[in-house]
Structure formats: C-alpha cells, structure tokens
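**Q** Attaching a predicted model along with its sequence, questions to come.
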Amino acid sequence: MAAEKLSTRHLLGIKDINRNDIELIFETADNFKEVINRPIKKVPSLRDITIANIFFENSTRTKLSFELAEKRLSADVVNFAASSSSVSKGETLIDTVNNILSMKVDMVVMRHPYAGAGQFLSRHVKAQIVNAGDGAHEHPTQALLDAFSIRQKLGDVAGKKVVIVGDILHSRVAISNILCLQRLGAEVMVCGPTTLIPKHIHQLGVKVEHNLIKALNWCDVANMLRIQLERQDIKYFPSLREYAMMYGLNKQILDNLDKEIIVMHPGPINRGVEITSDVADSKQSIILEQVENGVAVRMAVLYLLASQG
C-alpha cells in the first residue's frame, strides 16, 4: 500500500521523489482515470485552488494536458504564455512570478528553457511548483505518465526492459524516464548515435547500445524519442534521412523481431524519422494511451500536491 501523502511540496524532478510517492501518484491516477471516462468528467477536488500555467517555451500537448487536468479538478486556471508577454521585453523570471503571485495564485505549473528554473522559483515564492520541463534537465510528469502507461499495459514496471532510443543528449524526457523506471525496478538501456549519447550516462546505471536491432531484441518496451533539432547547436549526424535509416523504427523491423514489443513516443512525432506512420498507428503502439494517461497522472499530481498545501 502506498503512503497517504507525498514526501515533497513541489514536483521539480523525479530525483526529488521516492518510490512510495510514485506508487501513490499511480494509485490516485487509477481513480482519476475512472473519472475522466465517466459522462460527467469533473470532480470538485480543487474548487478553491488557483493554478497558473507559465510557459516560457512553446508547448501544445503538455500545456493542453495540464489545463485539462486542472479543469477536470475544478481549479481556477490562469494561462500565461511568456513568449507573448513582458518577458520578451526584458522582465526577469522572479518579476514575472511575483506579479502572478500578487494575484494570489496557489500553484504554478512552469516550463522554462533553463535547467533548474523550477528549483530557483521554489526557493523564492510561496506557491507550489510543478516542473513541466526545464531545459534539457527534467520533465517529471512525462516520465510518470510513461511509467504509468507501461504498468497499465504490462501489469508492472519492475523487471521490465525498457530501451530509450534517439536524442538522449538533449532530452529532459530521457533523464526523467531513466530515474523513474529505475525507482520502479525496471532495467534501462539507451540507444542512439554516439554523438547523441551523453558521455557519462553509464554512471546512471544504464546499458548503452548503438545498434537499434540489438536494442529492440533486448527490450520489452521501446520509447522512441524525437530528434530535437531546436536544441542542437551543431550537426550531430549527417542528415535526418541517414538518422532514419540507422535509428528509425519501421513496420518491417518491428515484424522481424523475436518477440512482440510495446512502442511508445512522448510526442510530437516526426513521422518517417524516428518512427514510421504504420508503427505509430500499429496495435503495438500505446502512444494515444500515453496522451490519455497524461491527463489522469497530472490530475493525480496536482490533487496530491494541493492536499498538503
């Protein structure tokens, strides 16, 4: 049985939470999953709570998912897109947040291009902070929904073999996923070109493989990451076409494996690069389940954080 309460006031990264926290979030998300599949999808749990979504980086799916989770919990929601705000006029992070807190906000969901922005914020403001992605550092709710989706599909995460394929170097999803999966007892491997695998990643206790077929034959679950061209300051591989030939997953590769594996993707998908359309839409893909689970998991995180104020 999981604990009744989270061990932290904020969700800044997977490294700040323990296995009991993760189990509690999953059990709570199970309950919320029933709620969002009912005809009336709302519960009054956060009726008097005001949540500000502050996104200093573009986001479509994560922002939508958080907003939906907040509204399903009956919270009051304030949306703040920093790219179209005073931030572009030179206002600092702390000014922005102080202005929002003057409006008596209880919780801040923030995405920021710099690693550690959430930690900085949590030390300076009274509100609770949920990190919706900070630079190439962490993206805790994505890792939680990915692990929750594996648990839903395979019954348990412990003992499962998960390979994360692609741009590990620039990925906040990869680091959070590695930490979350290991906390839950899974074995983790990373796979990609040498230039996109961080130099000291083996210190996290993960296997490293550069051959996609070997990695896929080893795993139960393949999480195919997007190539993050917007974060790449130099060329890490000759061309997208060559990357797709070496590390792209197509139906032929999938069908020729020794066993049936599960395919995941944090989105948005570059169809034809990391995975082809027939793989993304195949019965082995749980990409749409990940999106649905994202709302339930984010509802669980917001509810559990709010319940300890």
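**A** Received the coordinates, thanks. Residues are numbered from 1 along each chain as shown.

**Q** Quick check: mean pLDDT of stretch 28-44?
**A** Averaging pLDDT along stretch 28-44 yields 95.

**Q** which residues in the stretch 151-300 of the chain form helices?
**A** Taking DSSP state H, counting those that start in this stretch as the test, the helices found in the stretch 151-300 of the chain are 172-183, 212-218, 240-247, 251-255, 277-280, 287-306.

**Q** Show me what the first one is packed against.
**A** Using 3 or more C-beta pairs under 8 Å, 6 or more residues apart in numbering; DSSP states H and E as the contact test, the elements touching helix 172-183 are helix 19-36, helix 140-154, strand 161-165, strand 187-191. The C-beta positions use only the backbone N, C-alpha and C, and glycine is treated the same way.

**Q** Just tell me which of those ends up closest to His112.
**A** Of all the helices and strands packed on helix 172-183, it is helix 140-154 that lies closest to His112, at 13.7 Å by C-beta to C-beta.

**Q** Quick check: phi and psi on the closest residue to Asn217 other than its chain neighbours?
**A** Spatial nearest neighbour of Asn217, excluding adjacent residues (C-beta to C-beta, 6 or more residues apart in numbering): Asp258 at 5.5 Å. Asp258 adopts backbone torsions of phi -70, psi -20, taken as degrees, to the nearest 10.

**Q** Out of the helices and strands packed on helix 172-183, which is closest to Gln290?
**A** helix 140-154 (4.9 Å).

**Q** Pull out the buried positions in the closest one.
**A** The neighbour-count check on helix 140-154 (16 or more other C-beta atoms under 10 Å) flags 140-152, 154 as buried.

**Q** In a markdown table, list the residues you listed along with distance to Gly116 and pLDDT.
**A** Formatted as a markdown table, the buried residues of helix 140-154 follow (distance: C-beta to C-beta, whole Å; pLDDT from 0 to 100):
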| residue | distance to Gly116 | pLDDT |
| --- | --- | --- |
| Pro140 | 14 | 98 |
| Thr141 | 17 | 98 |
| Gln142 | 18 | 97 |
| Ala143 | 17 | 98 |
| Leu144 | 20 | 98 |
| Leu145 | 23 | 98 |
| Asp146 | 22 | 98 |
| Ala147 | 23 | 98 |
| Phe148 | 26 | 98 |
| Ser149 | 28 | 98 |
| Ile150 | 28 | 98 |
| Arg151 | 29 | 98 |
| Gln152 | 32 | 97 |
| Leu154 | 34 | 97 |
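
**Q** For stretch 183-190, which outside residues touch it?
**A** Residues from elsewhere that reach stretch 183-190 (C-beta atoms under 8 Å, 6 or more residues apart in numbering): 14, 18-19, 22, 147, 150-151, 157-165, 168, 174, 177-178, 181-182, 197, 201, 205-209, 215, 218-219.

**Q** okay, the helices and strands packed on helix 172-183 in TSV with distance to Leu225 next?
**A** Conversion of those to TSV gives the following (distance: least, C-beta to C-beta, whole Å):
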stretch	distance to Leu225
helix 19-36	21
helix 140-154	11
strand 161-165	6
strand 187-191	10
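
**Q** Quick one: closest of those to Ile262.
**A** helix 140-154 (5.8 Å).

**Q** Let me know whether Leu305 touches Leu12 as I believe.
**A** No: using C-beta atoms under 8 Å, Leu305 is not in contact with Leu12; the gap is 11.2 Å.

**Q** right, and the helix or strand after the helix or strand bottoming out on mean pLDDT in the chain?
**A** In the chain, no helix or strand scores lower on mean pLDDT, DSSP states H and E than helix 93-101, which sits at a mean of 76. Counting by DSSP states H and E, the next helix or strand C-terminal to helix 93-101 is strand 107-112.

**Q** can you give me the offset of that next one from its chain's centre?
**A** Distance, stretch centre to chain centre, for strand 107-112: 14 Å (C-alpha atoms, centre = their mean, to the nearest Å).

**Q** now stretch 210-219
**A** Using C-alpha atoms, centre = their mean, the offset of stretch 210-219 from its chain centre is 23 Å.

**Q** just stretch 8-19 next, same as before
**A** 14 Å.

**Q** Can you point out the buried residues in it?
**A** Buried positions in stretch 8-19, judged by neighbour count with 16+ other C-beta under 10 Å: Thr8, His10, Leu11, Leu12, Gly13, Ile14, Asp16, Ile17.

**Q** can you put the residues you listed in TSV and add distance to Arg241, pLDDT and secondary structure?
**A** Listed next are the buried residues of stretch 8-19 as TSV, based on distance: C-beta to C-beta, whole Å; pLDDT from 0 to 100; DSSP: H, G, I helix; E, B strand; the rest coil:
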residue	distance to Arg241	pLDDT	secondary structure
Thr8	44	95	coil
His10	42	97	coil
Leu11	39	98	strand
Leu12	38	97	coil
Gly13	35	97	coil
Ile14	34	98	helix
Asp16	40	96	helix
Ile17	40	97	coil
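
**Q** Max pairwise distance over those: which two?
**A** Spatial extent of the buried residues of stretch 8-19 (C-beta to C-beta) is set by the pair His10 and Ile14 at 12.6 Å.
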